[in-house]
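Colleague: let's see this in three dimensions:
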Amino acid sequence: MARGPLALHLWISLCNILLIVHHVNCFYLPGVAPRDFQKGDLLMVKVNKLTSTKTQLPYSYYSLPYCRPDRIVDSAENLGEVLRGDRIENSPYVFKMREPQMCNVLCRLTLNAKTAKEFKEKIDDEYRVNMILDNLPVVVPLRRPDQDESSIVYLHGFLLGLKGQYAGMKEEKYFIYNHLSFVVKYHRDPLTELSRIVGFEVKPFSVKHQYEGEWNENTRLTTCDPHAKKTVTNSETPQEVEHKKEIILTYDVEFQESDVKWASRWDTYLLMADDQIHWFSIINSLLIVIFLSGMVAMIMLRTLYRDISNYNQLETQEEAQEETGWKLVHGDVFRPPSKSDLLCVYIGTGVQCFGMVLVTMIFAALGFLSPSNRGGLMTAMLLLWVAMGSLAGYSSARFYKMFKGTDWKKISLKTAFIFPAIMFVIFFFLNALIWGEKSSGAVPFGTMSALFLLWFGISVPLVFVGGYMGFRKPVSEDPVKTNRIPRQIPEQSWYMNPVLFILVGGILPFGAVFIELFFILTSIWLHQFYYIFGFLFIVFLILLVTCAEITVVLCYFQLCSEDYRWWWRSYLTSGSSALYLFLYAAFYFFTKLEITKPVSGILYFGYMLILSYAFFVLTGTIGFYACYYFIRLIYSSVKVD
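Modeller: Residues are numbered from 1 along each chain as shown. Now for the predicted structure:
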C-alpha cells in the first residue's frame, strides 16, 4: 500500500515549524483547523490500526476480513504516525451530518476456517478497533462504579469481540461485536446553522441477525429494522465466531447537539481524574529538592567558606601541608580522565538530548503537540534531535580541546555515530521482530530511508559544523595548574567505594520522577492519552535541579577524601538513575501488564532499554556540568603559589 513520500512529509514538517516561528498570529496549527458541516454533508469515517495491550503489536484494520470499501485509500501519514504503527485508511462507514441512521447493513460475511481462527486469536489478545471521524478517535464511554453518575471514563477504541459461555454450558465461545451504535456530538452555530463535530462515541453489540428468505440487497433484518423502529439494545443472542458462520455487520448513527465548543472538544478525552496524584508527585519531588538545596547551601555557605578562608590565611608551606581535604588535590583536579574521548562524546550527546527534550517540553506545554496532531510529538522530537546536532559537536569539541586533543574531526565523527548507532541497532533488531510478526508497526523501507537521510544528510553535517566551531574557540583556562606527577590517592573508606557512591547518587533523581513515570508508561503501553505536559515540564525542571545538586554534594565528599577522579564519576552519579528507571520498567511489566508472548516481552524491554539509555545520557550530562562548574567555582577561590 502506498504510504506517501516521507521526504515530502519531512519537508512539510520543517515548513510548519518555520511558519509557526514567523507567523505567530496564526491560531490553528496545520492539519488541526476546524471544519464546518451543513446538514446532510457526508462524514467519512476512517479506520486506524488494531491495538492490544497484551501483545503491543498493532495490525492494519483490513488484516482481518472486515467489510471493505470499493477502493482502500491510505491517508497521508507523517513520520511520527508511521513509527507509531498508525495505518489510517478509508472505510465503508458513511454518515450524513445531523441525519440519524438506524440498522444500516454494512455487509455480510461468511467465515472460513482461516478467518475464524484469525478473529479468535485477536479476540483472545483483546484487540481494540480504532476509528477516526473529523480527526477525533472513537471512544467507548463507561461510568465509574465507585463515582457519581456524571463521572465517565473514555476508553480508546472498542473491543473486537469477547469470550463467554451460554447458560448451562461449560464450553467457552467467541463472539464478535458486529453491531456498532455510534453517537456523533456536534456544536451548532445558531447564526449560520453550521455544525462542528465535538465528540465521537460508540457502543458495540454482538447480535446474531435474522432475516427471512434468501439474502439479497433488499433483504430486511428481523432483529434490527428501521421500518419497524426496532434497534439493537443488548447482546442477548450474540454472534458466534465459527467456521462457516454467517456474520452481518450493521450500525446505527445518532447525532446529539452539545454545548461543548470545538476548541474544547478534546477536554473530555483528556480529563485528568487523578490530578491529586500528580500534585503529590510534584510536592514529593519538591521536598527532595529542598532537602538537597539545604545540603548544598550548607556546603557552599558554611563549610566551603570556612575552608577557603582558613586555607588562604596559611602563611607557610608547612602549614599548608598539614591541611587535608579537597584543597590538597588542586594540582590534580583538572587532570584529564582516562578514556577522555568517550567522555567528550557522551557530554556532547547529552547536550543534544537535553536541547531536544527542553524544546519539546516547551512546545508541548504550550499546546503545539496535542493528541489532535497525531504523530506530532514523535516527529518533533526526531527533527529537534537532528537540529541539535551542532550543539553536540560544539560541546564535545570544547572538552576534547580542553583535554589536549588535536583531531576535532575524529571526535566529531564519534559524536555523530556512537549514540545513534547503538540506538539504531536496537531499533533495527526490534523492527525485524515486528516485521516477522507481520504487524503494521514494522517500519517500512521508505521510512528507514528517511531516517537515514535525517541522520547522514542533516545530523552528521551539523555535528561537524558544531565540532569545527567548538574547536576553533579558545578553551577556558583552568583556575589552578595541574601537576606533572599525579598525586597518590589515599586508601578510601568502604562507604567511598565508587560503585556504591554511583548507585546512591541515582536514587534521588529517580525518586523525583518515578510517580510521573507511572503515567508515562501507562500512556505508552496501555494506549491511553497523555497530555499533562504542564506537570511533566515541572517534574523535568525538578529532575534537572535534583541531578545537579546530588552530583555536587557527592562530588564534594569525594574531593574531601582526596580522590580527584571526579570526571567520570560525576557523569555516572546522576546517570545511574537510568538503572532504576529500567528496574522500575521491569516491575511495571510484571505487575501492571498482561503480556505473555515472548516477542511482545522482548519488544517491551527493548524499547525500555532505548528509553533508559537516553535517560542515562540526559541525566549524566546534567550532573557532569553541575559538578564541572562547581569545581571551577571553588578552586578559583583558592590562592595557590
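
Colleague: could you list every residue that touches Leu109?
Modeller: 65, 67, 115, 246-249 (CB atoms under 8 Å, 6 or more residues apart in numbering). Where C-beta positions appear, they are placed from N, C-alpha and C, glycine not excepted.

Colleague: state whether it is indeed within a strand.
Modeller: Yes - per DSSP: H, G, I helix; E, B strand; the rest coil, Leu109 lies within a strand segment.

Colleague: roughly how far does it sit from Pro204?
Modeller: To Pro204, Leu109 is 16 Å away according to CB to CB, to the nearest Å.

Colleague: got it, and Lys230?
Modeller: Lys230 is 18 Å from Pro204, by CB to CB.

Colleague: who has more neighbours out of these two?
Modeller: Pro204 (19 against 14; other CB atoms under 10 Å).

Colleague: pLDDT score assigned to that one?
Modeller: Predicted confidence (pLDDT) for Pro204: 93.

Colleague: returning to that earlier point: so which pair among the contacts of Leu109 is furthest apart in space?
Modeller: Within the contacts of Leu109, Thr115 and Ile248 form the most distant pair, 15.0 Å apart (CB to CB).

Colleague: higher neighbour count, the two?
Modeller: Using other CB under 10 Å as the criterion, Thr115 and Ile248 rank with Ile248 on top: 22 against 17.

Colleague: buried sites along the one helix or strand that one maps to?
Modeller: Assigned by DSSP states H and E, Ile248 falls within strand 246-257. Buried residues in strand 246-257, counted by 16 or more other CB atoms under 10 Å: 247-253, 255.

Colleague: where does the stretch 1-150 of the chain have low pLDDT?
Modeller: In the predicted model of the stretch 1-150 of the chain, residues 1-32, 144-150 satisfy pLDDT under 70.

Colleague: all helices of it, in order?
Modeller: Remark: helices assigned in the stretch 1-150 of the chain by DSSP state H, counting those that start in this stretch are 6-22, 79-83, 113-124.

Colleague: for the helix or strand that contains Val460, which outside residues touch it?
Modeller: In the assignment (DSSP H and E), Val460 maps to helix 460-472. The contact list for helix 460-472, computed with CB under 8 Å, 6+ apart, reads 348, 386-387, 389-398, 400-401, 408-409, 411-413, 415-417.

Colleague: and those, which are buried?
Modeller: 348, 386-387, 389-398, 400-401, 408, 411-413, 415-417.

Colleague: the spatially closest residue to Val289 that is not a sequence neighbour and Tyr628, how far apart?
Modeller: Spatial nearest neighbour of Val289, excluding adjacent residues (CB to CB, 6 or more residues apart in numbering): Val545 at 5.2 Å. Noted for Val545: a distance of 16 Å to Tyr628, by CB to CB.

Colleague: low pLDDT regions in the stretch 151-300 of the chain?
Modeller: Looking at the stretch 151-300 of the chain by pLDDT under 70, you get 151, 235, 271-281, 284, 299-300.

Colleague: what about the strands in it?
Modeller: Taking DSSP state E, counting those that start in this stretch, the strands of the stretch 151-300 of the chain run over residues 152-156, 158-159, 161-164, 173-176, 179-188, 195-205, 246-257.

Colleague: okay if I get these as a markdown table plus distance to Gly446?
Modeller: As requested, the strands of the stretch 151-300 of the chain are exported to a markdown table (distance: least, CB to CB, whole Å):
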| stretch | distance to Gly446 |
| --- | --- |
| strand 152-156 | 28 |
| strand 158-159 | 31 |
| strand 161-164 | 34 |
| strand 173-176 | 34 |
| strand 179-188 | 33 |
| strand 195-205 | 31 |
| strand 246-257 | 33 |
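
Colleague: who wins for proximity to Pro92 among those?
Modeller: strand 246-257 (9.0 Å).

Colleague: adjacent strands (with direction) for that closest one?
Modeller: Strand pairing for strand 246-257, using DSSP bridges, gives strand 101-110 (antiparallel), strand 179-188 (parallel).

Colleague: which parts of the last one are buried?
Modeller: Within strand 179-188, the residues that count as buried by 16+ other CB under 10 Å are 179-187.

Colleague: now, among those, which is nearest to Asp563?
Modeller: Lys185 (65.5 Å).

Colleague: list the contacts for the closest one?
Modeller: Contacts of Lys185 (CB under 8 Å, 6+ apart): 197-201, 255-258, 260.

Colleague: what's whichever helix in the chain runs longest packed up against?
Modeller: Looking across the chain with DSSP state H, the single longest helix is helix 598-635. Contact partners of helix 598-635 among helices and strands, from 3 or more CB pairs under 8 Å, 6 or more residues apart in numbering; DSSP states H and E: helix 340-365, helix 408-436, helix 533-560, helix 567-575, helix 577-592.

Colleague: next, the angle helix 533-560 makes with it.
Modeller: Calculated by axes from the mean of the first three to the mean of the last three CA atoms, to 10 degrees, helix 598-635 forms an angle of 60 degrees with helix 533-560.

Colleague: now helix 598-635: how far from the chain's centre is it?
Modeller: 16 Å (CA atoms, centre = their mean, to the nearest Å).

Colleague: going forward, begin numbering at 27 instead of 1
Modeller: Sounds good: first residue 27 from here, last item helix 624-661.

Colleague: buried ones in that helix?
Modeller: Result for helix 624-661 [16+ other CB under 10 Å]: buried residues 625-626, 629-654, 656-657, 660-661.

Colleague: likewise for stretch 161-169?
Modeller: 161-166.

Colleague: can you lay out these as JSON lines showing distance to Leu403?
Modeller: JSON lines is the format used below for these (distance: CB to CB, whole Å):
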{"residue": "Asn161", "distance to Leu403": "15"}
{"residue": "Leu162", "distance to Leu403": "18"}
{"residue": "Pro163", "distance to Leu403": "15"}
{"residue": "Val164", "distance to Leu403": "21"}
{"residue": "Val165", "distance to Leu403": "20"}
{"residue": "Val166", "distance to Leu403": "24"}
